[in-house]
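Asks: Could you look at this predicted model? Sequence included:
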Amino acid sequence: MGRIAEALKRAEQERSRHLAEQPADPAAAVIAAGPAEDLPDNAGKAAIHSIVDPPGGARPFVVTAVPVQPTSIHPGVVVFHDPASLIAERFRAVRTRLLTSNPSGAPRLHVVTSSLPGEGKTTTAANLAFSLAELRHLRVALIDCDLRQRGLEKMLGLEQHPGFAEVIRGKHSLAEVCIPLVRPNLYFIPAGELGATTPSDLLSCERVGTLFREFGERFNYAIIDTPPVHTVADIGLIAPMCHSVLMVIRMNATPEPVVRRCVRMLQANGTPIAGAILAGESDETAGGASMPVVCQAPEET
């Protein structure tokens, strides 16, 4: 407790000093990592959000980025916009399955993917992260690793923001791209700009493994959106660094042979498949809206 109190005290002292030195600038998105004495000179331009005592025993993580505004979040994130709905409850059911499969409470990195584009994986990832963050004792990261489409950036209104790609290239630290997402325990890491690098080349860098280890040190749960399995090879590079994969399958749309082929591809890479989320079920009591259903992963035949 003494270390936590000291970290909070240092962060508050630094914030007060910087606010006294320069005017506030709500448009700034400046982030710093480590103890408060390591903060850059312009850190006072945004409110400081301090992550103390991370689950992996890392140094306190100080975030000063301006949080995402609620009005910027896409209506498809029903757990945030309509938390009392039946759809939100289905996502909480998925959350419960993840929590009960991790009785020790160890940090977990979960990939959310699909067989083909347009099956709802990005919307599912966002809702799952928001549902986990409803449990205030959990520190949750939502990470956009779909470096081509960058769907989560669009859902949250955060395009043109540095992110995962810039961290891998060494231009920024994780703290400098980490953005608070409305709730005090939920953070977003954008995909960022690839530049002249291809996704496969970027994901093959040694820095990637280091960054994924830091995800496990900083957060209790990380929900990672990736490209579809059947379209590009990115998932084969990302999934082995995570604990499991959740497959999103669109009911009455995704061909079963494609799903089975994708499962075999993941299994060939030694990737644990936690299960499948069936998207697209219609429920009259939910106004005909899409209802996610969690089920066991398809078996290889």
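Replies: Perfect, I can see it now.

Asks: CA only for contacts and neighbour counts going forward, please
Replies: Noted.

Asks: Quick check: the gap between Lys121 and His161.
Replies: Separation of Lys121 from His161 (CA to CA, to the nearest Å): 22 Å.

Asks: who's more crowded, these two?
Replies: Comparing Lys121 with His161 by other CA atoms under 10 Å, the one with more neighbours is Lys121, at 28 against 17.

Asks: Mind splitting this protein into its structural domains?
Replies: 2-63, 70-295 (automatic domain parsing).

Asks: So for His161, what's the nearest residue that isn't a sequence neighbour?
Replies: Of all residues not flanking His161 in the chain, Gly192 sits nearest, at 6.0 Å (CA to CA, 6 or more residues apart in numbering).

Asks: Give me the distance between the one you found and Ala165.
Replies: 5 Å.

Asks: Helices along the stretch 1-150 of the chain, start to end?
Replies: Ranges of helices within the stretch 1-150 of the chain are 2-21, 78-81, 86-100, 121-133, based on DSSP state H, counting those that start in this stretch.

Asks: rewinding a little: give me the neighbour count for the residue nearest to His161.
Replies: 24.

Asks: How is it assigned, secondary-structure-wise?
Replies: Classification of Gly192 by DSSP: H, G, I helix; E, B strand; the rest coil places it in coil.

Asks: okay but it is in contact with Pro162, surely?
Replies: Yes: Gly192 lies in contact with Pro162 (CA atoms under 8 Å); the separation is 4.5 Å.

Asks: quick revisit: just say which of the domains of the chain is most tucked in.
Replies: domain 70-295 (a mean of 19; mean count of other CA atoms under 10 Å).

Asks: what about that one, average pLDDT?
Replies: The pLDDT scores in domain 70-295 average 88.

Asks: Please compute how far it lies from its chain's middle.
Replies: 6 Å (CA atoms, centre = their mean, to the nearest Å).

Asks: Determine the set of other helices and strands touching the helix or strand that contains Glu176.
Replies: Using DSSP states H and E, Glu176 sits within helix 174-177. Applying 3 or more CA pairs under 8 Å, 6 or more residues apart in numbering; DSSP states H and E, one finds that helix 174-177 makes contact with strand 61-63, helix 164-168.

Asks: helices or strands up against the following helix or strand past it?
Replies: Where DSSP H and E defines the elements, the next helix or strand beyond helix 174-177 is strand 179-181. Where contact means 3+ CA pairs under 8 Å, 6+ apart, strand 179-181 is packed against strand 183-189.

Asks: what are the pairing partners of the strand it packs on, and which direction each?
Replies: Partner strands and pairing direction for strand 183-189 (DSSP bridges) are strand 140-144 (parallel), strand 179-181 (antiparallel).

Asks: between those strands, which one is nearest to Ala126?
Replies: strand 140-144 (7.0 Å; CA to CA).

Asks: quick one: the helices in the stretch 151-300 of the chain?
Replies: Counting by DSSP H, counting those that start in this stretch, the helices of the stretch 151-300 of the chain are 151-155, 164-168, 174-177, 199-203, 206-218, 234-238, 256-268.

Asks: CA-only coordinates of the second one in CSV, if you can.
Replies: The C-alpha trace of helix 164-168 is given here as CSV (Å, rounded to 0.1, in the frame of the first residue of the first chain):
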residue,chain,number,x,y,z
PHE,A,164,0.7,-0.5,-32.2
ALA,A,165,2.7,0.0,-35.4
GLU,A,166,4.6,3.0,-34.0
VAL,A,167,5.5,1.1,-30.9
ILE,A,168,6.9,-1.8,-32.9
